[in-house]
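Trainee: pasting the sequence and the predicted model now:
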Amino acid sequence: MTQLGTRLAAAALMAASFVAPVGGSWLARPATLVCALAAILGAGSRWDARAGVAVGLITVVVGAAVPLMLLDGPGPFGAAAPGIWLFLAGWTFAVWRMLSMFSRLPGRGAGALVAPALFGVALLYLWQVLVVGFAVPQVLLPAPCQVGHVLATQFDVFWLDFRQTFLKAVLAGYAIGCGAGFLVAVIADRVPFLGRGLLPLSGLVSAVPIVGIAPILVMWFGFDWHSKAAVVVVVTFFPMLVNTLTGLAAADAMQRDLMHSYAASYAQTLMKLRLPAALPFVFNAMKINSTLALIAAIVAEFFGSPILGLGFRISAEVARLNVDVVWAVIAIAALAGSMFYGVIALVERAATFWHPSYRA
Amino acid sequence: MTTEAVLLAAPPITGIGHRIVPVAAILALLIAVWYAAAVWLNAPQVVERFESDGKSWNARQLIEASWSMERPVLPAPHQIAHNFVETVFETPIDSKRSLVYHAGVTVSATLLGFVFGTVLGVLLAVGIVHSPVLDRSLLPWIIASQTVPILAIAPMVVVVLGSLGFVGLFPKAVISMYLCFFPVTIGMVKGLRSPDPLQLDLMRSYSASHAQVLHKLRWPAATDFLFASLKVAIATSLVGAIVGELPTGAQAGLGARLLSGSYYGQTIQIWSALIMASIVGVALVALVGVAERLVARHMGRPT
């Protein structure tokens, strides 16, 4: 969509809300009226290179306030009038315009985070307004504010759950699983017979729903975090094995010949050439495993756990229809998973700075 | 990088003997370890039972008993094989006790979710490749979406869709879709960007529209990536369908078998459901492989 198109669409849709009912009179709410007019003015104006970001941000923020103020008035929620939705549609176009402006920023460092952050905040805001506006029952989908409130008030409980699931089960299982996968891959690379036997089998295992072993491991290792760590070990082992084996084969023949002509021993070739060449693949497995591990631990808790843990909290609160608590746990898990992934991606960038994908 | 690195890992192997012998050796070793572990894990219970019966026992009786318990901690392979054969071949397919019936329920949800997920994944990838806004804003959230524990959403997906009048297959397919659109999107973004700049420049000099470039250059260039992603996607789709059956109180399906086995301590039932799930998973991936070969032949590529 062209710049002019988004600009006109945003202003026109926002302005159209004045001819549609908004659930009351505009004149009765002077503050809302001022905000709405400012947003229309901002959305319709040119956003040039210098002041554009400021004008755009003011437009988006002021525009976002209008539906909130309209919905906050007297009268039943869910009786939201068409005017509000017209205004919101116009606001969405303004956000899109803002996003495309941010997308042209240089893609390095903090600049790369602005656009996705705004996108996420906009999604949360739309979720909030739509849930309140359509009076969606809390059992189906709670509003983000409600989830945030639960997060803030029950923080102690969630911290204990987080410690049980993430700091104990996930981290221990992840370290053991990735470490074992890596070691077995190095051994299998040294002993080709083992490698030829293991690779097809791990290919098979990748097609198998490993989550299915969770009930068995819970029976074996008990309800505490050890059984969850065991599930994480099994889940993370095979991606690491397969990727490391591929990575160890990644150093090309010329480089190996060079090491050979230096009379390098097996250990020297491994340490100085083949393991560094395998690093991108190892990190790839670590990234895949970071999200797999958390999901596996949570799923494993559904088959039995002590009275804490993120998975336990989810299953217990779903049964009581406390959906807001469930969403709070989901938010924690998603945040923990993303940060885990992000930390590994940062380490990867520092460790494999020589790789073509970072040199662009 | 996520999908194809895993899938392209299998090295070219020549000769049947070269291939079979190591696999058979490792398998034989695994089964031997399994039998030993079955004795080791089941022995305490067996000994307890012998002692409560006041019988004397020797090593041979101990081993035999631990390989033929009704609810063992770890069932021996032949027990699982026996249960598997019984529930697959000796039970009528429409019976609730037939594993084929349960696998059929799971596979139908898997395939439906796979189709949804593939369509969604391809659409997202096309959008991301063509719009810098989506590329910069949406792609990070797609990656973040996979950190949401899907099982957590599963009960709510079922409640929400149930209240809208959708029951049965559809909620499970939605969970499968959520899991399997991700590899397709990531693989296709990479695939649609794989034509090199020279080729794109050529299209530009023909004054080709975006749609024409997509149809005639990007799409054919992305087929390898598409199939590599589809293999991962169909496997995760199966996981999604099985996981989707756990909390929804599904009466049928492999996930329901796992759950009921875990409730009643029927370990043999759990293991044979797992074996069935593995066979189904391997078969589905092989099916995508066949499709890949057909498409490659149709496009005139060497296979």
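Mentor: Sure, I can see it. Predicted, not measured: the structure shown is a model, and the values here were computed from it. Numbering: from 1, shown residues only, chains lettered A, B, ... in the order given.

Trainee: can you classify B:Gln251 as helix, strand or coil?
Mentor: Per DSSP: H, G, I helix; E, B strand; the rest coil, the local secondary structure of B:Gln251 is coil.

Trainee: again, but for A:Val136
Mentor: coil.

Trainee: tell me the pLDDT at it?
Mentor: You'll see A:Val136 listed with a pLDDT of 76.

Trainee: need the nearest residue in space to it, chain neighbours excluded.
Mentor: With sequence-adjacent residues excluded and distances taken as Cβ to Cβ, 6 or more residues apart in numbering or on different chains, A:Val136 is closest to A:Leu130, at 7.5 Å. Bear in mind the C-beta positions are built from the backbone N, C-alpha and C, glycine included.

Trainee: elements contacting the host helix or strand of the one you found?
Mentor: For A:Leu130, the host element (DSSP states H and E) is helix A:111-133. Judged by 3 or more Cβ pairs under 8 Å, 6 or more residues apart in numbering or on different chains; DSSP states H and E, helix A:111-133 is in contact with helix A:52-72, helix A:82-103, helix A:144-153, helix B:132-145.

Trainee: kindly reformat these as JSON lines containing distance to A:Arg349 and mean neighbour count.
Mentor: Conversion of the helices and strands packed on helix A:111-133 to JSON lines gives the following (distance: least, Cβ to Cβ, whole Å; neighbours: other Cβ atoms under 10 Å in any protein chain shown):
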{"stretch": "helix A:52-72", "distance to A:Arg349": "28", "mean neighbour count": "19"}
{"stretch": "helix A:82-103", "distance to A:Arg349": "22", "mean neighbour count": "22"}
{"stretch": "helix A:144-153", "distance to A:Arg349": "31", "mean neighbour count": "16"}
{"stretch": "helix B:132-145", "distance to A:Arg349": "15", "mean neighbour count": "19"}
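
Trainee: the residue nearest to A:Val136 and chain B: what is the separation?
Mentor: Distance, A:Leu130 to chain B, using Cβ to the nearest Cβ, to the nearest Å: 14 Å.

Trainee: of all the helices and strands packed on helix A:111-133, which lies closest to B:Gly168?
Mentor: For B:Gly168, the closest of the helices and strands packed on helix A:111-133 is helix B:132-145, at 25.1 Å, according to Cβ to Cβ.

Trainee: what is that closest one packed up against?
Mentor: Helix B:132-145 packs on helix A:82-103, helix A:111-133, helix A:323-351, helix B:99-130, helix B:169-192, going by 3+ Cβ pairs under 8 Å, 6+ apart.

Trainee: before we move on, back to that, so what touches the helix holding A:Leu130?
Mentor: A:64, A:67-68, A:71, A:77-78, A:80, A:84-85, A:88, A:92, A:95, A:98-99, A:102-103, A:105, A:136, A:141-145, B:133, B:136-141 (Cβ atoms under 8 Å, 6 or more residues apart in numbering or on different chains).

Trainee: cool, and stretch A:305-320?
Mentor: By Cβ under 8 Å, 6+ apart, stretch A:305-320 touches A:157-158, A:160-162, A:164-166, A:169, A:223-225, A:228, A:297-302, A:323, A:325-326, A:329-330, A:332-333, B:149, B:151-152, B:155-156, B:247.

Trainee: and it, how far out from the chain middle?
Mentor: Taking Cα atoms, centre = their mean, to the nearest Å, one finds stretch A:305-320 lying 22 Å from the centre of the chain it belongs to.

Trainee: distance from stretch A:113-131 to the middle of the chain?
Mentor: For stretch A:113-131, the distance to the chain centre is 14 Å (Cα atoms, centre = their mean).

Trainee: can you list the buried residues in it?
Mentor: Of all the residues in stretch A:113-131, those buried under the rule 16 or more other Cβ atoms under 10 Å in any protein chain shown are A:114-116, A:118-119, A:122, A:125-131.

Trainee: stretch B:164-174 now?
Mentor: B:169-174.

Trainee: how far does it stretch from start to finish?
Mentor: 14 Å (Cα to Cα, to the nearest Å).

Trainee: and the helix holding A:Leu130, average pLDDT?
Mentor: pLDDT averaged over helix A:111-133 gives 82.

Trainee: centroid residue for the chain?
Mentor: Just going to use chain A. The centroid of chain A falls nearest to A:Ser338 when counting by Cα atoms, centre = their mean (4.9 Å).

Trainee: you looked at the wrong chain, it should be chain B
Mentor: B:Ala235 (2.8 Å).

Trainee: quick check, pLDDT for it.
Mentor: For B:Ala235, pLDDT reads 85.
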